[in-house]
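Student: this is the structure alone, sequence omitted:
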């Protein structure tokens, strides 16, 4: 959480799939409905993520509510970082989604999912963050588990090695 009215909600999970496999799915903006827990529909997309490219989703941000969000890819570092900005999540402003990836020694991937936003007045933003953080972390974790599951299900039969997540390695960590 930042002091200027900006807030961050973060979740982390170690995935039992390679960074290359993760990147292949995450960098395809048409596939978000396959793995992102809150995405109901990808309404328009530009295929493989590229800086400046935009895509639009119909999402379920909270409970039964639906919103239309336009995301623009702002930064790409293949297999390590993706930064997108979003419009359409009023009253949240300056919305940024960040996906971070790191290769682990065992051929797995550490993934961090960050959601940044600002809201004023600051006390209202702090309250909104406090109310939303638990469900958003749960949603981020569900998305990362779904991403892992999608990748494992798409492997050719010969590659479907015993990839059972180890509870010690595949976990969601909450950050204050």
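Tutor: Looks like it arrived, so ask away. Since the model is a prediction, treat every value here as computed from it, not as a measurement.

Student: what's the neighbour count on the nearest residue to residue 88 once chain neighbours are set aside?
Tutor: Among residues not flanking residue 88 along the chain, residue 69 sits closest, at 4.2 Å (C-beta to C-beta, 6 or more residues apart in numbering). Placement of C-beta: from N, CA and C, glycine included. If you count neighbours by other C-beta atoms under 10 Å, residue 69 ends up with 20.

Student: may I have the beta-bridge partners of residue 69?
Tutor: Here residue 69 shows beta-bridge partners residue 57, assigned using DSSP bridges.

Student: so what's it up against?
Tutor: 56-57, 59, 86-89 (C-beta atoms under 8 Å, 6 or more residues apart in numbering).

Student: give me the three-state assignment for residue 148.
Tutor: Three-state call for residue 148 (DSSP: H, G, I helix; E, B strand; the rest coil): helix.

Student: my read: it touches residue 16, true?
Tutor: Yes: here residue 148 reaches residue 16: they are 6.4 Å apart, a contact under C-beta atoms under 8 Å.

Student: please say which of these two ends up with more neighbours.
Tutor: Remark: of residue 148 and residue 16, residue 148 carries more neighbours, 25 against 20, as counted by other C-beta under 10 Å.

Student: quick one: contacts for residue 112?
Tutor: By C-beta under 8 Å, 6+ apart, the neighbours of residue 112 are 10-12, 98-101.

Student: my bad, residue 46
Tutor: 29, 53-55.

Student: dump these to JSON lines, plus distance to residue 137 and secondary structure.
Tutor: Listed next are the contacts of residue 46 as JSON lines, based on distance: C-beta to C-beta, whole Å; DSSP: H, G, I helix; E, B strand; the rest coil:
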{"residue": "29", "distance to residue 137": "23", "secondary structure": "helix"}
{"residue": "53", "distance to residue 137": "28", "secondary structure": "coil"}
{"residue": "54", "distance to residue 137": "27", "secondary structure": "strand"}
{"residue": "55", "distance to residue 137": "24", "secondary structure": "strand"}
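
Student: select only the buried ones of the residues you listed in PyMOL?
Tutor: In PyMOL, a selection of the buried entries from the contacts of residue 46 looks like this (16 or more other C-beta atoms under 10 Å):
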select buried, resi 29+53+55
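
Student: farthest-separated two in the contacts of residue 46?
Tutor: 29 and 54 (8.8 Å; C-beta to C-beta).

Student: what sits in contact with each of the two?
Tutor: 46, 71, 73.
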